[in-house]
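**Q** Quick one: sequence and predicted model below, then my questions.
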Amino acid sequence: MSAYKMAEANNRVIPTEDKIFGINQKAKEMAKRDGADKVVNATIGSLLDDNGNLVILSSVVEVLKNLTPVDYADYAPIAGTPEFISAIKKAAFGSFIPKSYTEAVATPGGTGAIRNTIQNYSKRGDRVLTSDWYWSPYSTIAQDIERSIATYTLFDEEGKFNVASFEEKIKELLSVQDGLVILLNTPAHNPTGYSFTIEDWNSIISVVRSAAADQSKKITLLVDVAYLDYAGDEEEHRRFFPLLDDFPPNILVIVAYSLSKSYTMYGMRSGAMICMTPDKEIAEEFKTVCAFSCRGTWSNCNRAAMATLANIYANEALLAKVTQERQGYCRMLVDRGHAFAKSAKEAGLKTVPFEAGFFVTVPCDNAEEVGLELQKEGIFTVPVGRGLRVSIASISEEKCRKLPPVIKRAIDKVNG
Ligand code: PLP
């Protein structure tokens with residue numbers, strides 16, 4: 001029986017309060033009561049400057065301000081304007097030009113791309129595979145369309161990519177399902193900050209290829225690159241793309257690219273899903289089914305955001321300006337990560353393997369209690385199962401340096 005008065009649960013477990021929002025609210029209340037200098041709010045998943053203000057790329061704002069009324073007011077084609085589709089492929093792939101067929105469909109952020117992938121490449125009731133550390137909306141999205149998440153163990157005992165667990169889980173799921181959607185979030189994974197190395201990618205590819213040797217199985221690799229432009233060197237972190245360019249037809253690659261972080265357009269809800277396949281018909285089918293899903297959910301996406309990206313890519317000088325501005329903030333973020341990692345090492349605080357990105361995760365028992373203990377000192381983090389997620393994107397380098405010994409003390413106090 002449904003616990004709701006009017007609504008149907010439809011097998012979903014719906015929390016009454018958004019956890020991150022709740023903790024963020026507590027941090028804001030404390031800052032108001034005791035002063036902002038008494039609070040470290042490391043809960044927010046947006047890039048903030050050292051004064052706590054949202055980083056907004058001024059070069060992007062300039063483009064936005066120069067849009068025409070039609071760019072704001074008119075509907076966009078369901079799958080996106082042709083100029084946007086061409087621009088977003090360049091934004092995602094950088095200088096790499098795939099030989100695969102690459103169709104793209106506009107989505108409201110990376111979230112829409114993930115949703116459409118699960119909807120179109122798995123069946124109702126299927127399990128979708130991702131790592132044990134994962135961005136919780138993956139589960140929300142899966143549940144909302146009557147799928148669920150299965151996980152493999154991301155790291156082995158030595159803190160390396162756990163290819164054995166990845167392989168085992170794929171075999172297990174494919175023994176009971178005809179197909180499998182695999183969600184990989186890299187580089188600068190949320191919540192750990194880990195980026196798959198080229199060696200990890202080679203292992204992933206070899207496992208996926210051997211699973212697809214059985215031609216009756218269909219495998220979709222969704223590469224969620226939400227943090228691609230904040231992982232460090234932009235070209236270096238796109239080096240894995242060519243490795244995905246030579247799959248058999250029953251392995252479909254879908255890249256979920258988001259303008260939220262890369263172009264600081266979080267609220268404008270723009271991004272795309274881009275497929276890579278050796279089969280032209282599979283690419284055309286991708287466009288048809290994904291556009292149908294768009295029509296059946298949000299219809300078309302934000303035209304002003306599409307026009308902004310298209311205008312940036314139509315003008316080399318503008319593109320260089322945006323890239324340069326973003327690189328400055330990317331360096332700021334990378335420096336914060338290094339400061340946190342160095343201080344953690346000195347304080348003897350263990351972190352989950354981290355390379356770069358918006359978050360660092362500290363593994364610990366009783367994460368909820370440790371989180372509450374830290375809140376007493378004005379430090380707000382997000383307990384994520386077996387650890388605490390610390391948003392280094394939202395705190396200064398100085399705070400990144402100061403936090404690790406305090407976290408270590410709180411863990412020792414709670415866990416003895
Ligand atoms: N994937 C991950 C891992 C994320 O953390 C986010 C945003 O926080 C997204 C995808 C997509 O965000 P958006 O829908 O704003 O593009």
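**A** Thanks, I have it. Residues are numbered from 1 along each chain as shown.

**Q** Look up which helix or strand residue 332 falls in, please.
**A** helix 316-347 (DSSP states H and E).

**Q** Then residue 361?
**A** Using DSSP H and E, residue 361 falls in strand 359-363.

**Q** And the next helix or strand past that strand?
**A** Following strand 359-363 in sequence order, the next helix or strand is helix 367-376 (DSSP H and E).

**Q** What lies in contact with that following helix?
**A** Where contact means Cβ atoms under 8 Å, 6 or more residues apart in numbering, the residues beyond helix 367-376 that reach it are 23, 26, 30, 364, 380-388, 406-407, 410-411, 413-415. Placement of C-beta: from N, CA and C, glycine included.

**Q** can you map out the helices along this structure?
**A** In the chain, the segments counted as helices under DSSP state H are 19-34, 58-65, 69-73, 82-93, 109-121, 137-144, 163-174, 198-211, 259-262, 280-296, 303-313, 316-347, 367-376, 397-415.

**Q** Pull out the buried positions in the helix holding residue 332.
**A** For helix 316-347, the neighbour count (16 or more other Cβ atoms under 10 Å) marks 318-319, 321-323, 325-326, 329-330, 332-334, 336-341, 343-344 as buried.

**Q** Might you enumerate the residues of the stretch 51-200 of the chain proximal to the ligand?
**A** By Cβ under 6 Å from any ligand atom, the residues of the stretch 51-200 of the chain that approach the ligand are 109, 110, 111, 135, 185, 190.

**Q** What pLDDT is listed against whichever residue of the chain sits closest to the ligand?
**A** Residue of the chain nearest the ligand, by Cβ to the nearest ligand atom: residue 109 (2.5 Å). Note for residue 109: predicted pLDDT of 98.

**Q** The helix holding residue 332 - what's its average pLDDT?
**A** pLDDT averaged over helix 316-347 gives 97.

**Q** Give me the angle between it and helix 82-93.
**A** 30 degrees (axes from the mean of the first three to the mean of the last three Cα atoms, to 10 degrees).

**Q** mind listing what's buried in stretch 154-168?
**A** For stretch 154-168, using 16+ other Cβ under 10 Å, the buried residues are 154, 155, 161, 162, 163, 165, 166, 167.

**Q** I meant stretch 233-247, not that one.
**A** 234, 237, 238, 240, 241, 244, 247.

**Q** From the chain's centroid, how far away is it?
**A** For stretch 233-247, the distance from its own C-alpha centre to the chain's C-alpha centre is 17 Å (Cα atoms, centre = their mean, to the nearest Å).

**Q** Kindly check the end-to-end length of that stretch for me.
**A** 26 Å (Cα to Cα, to the nearest Å).
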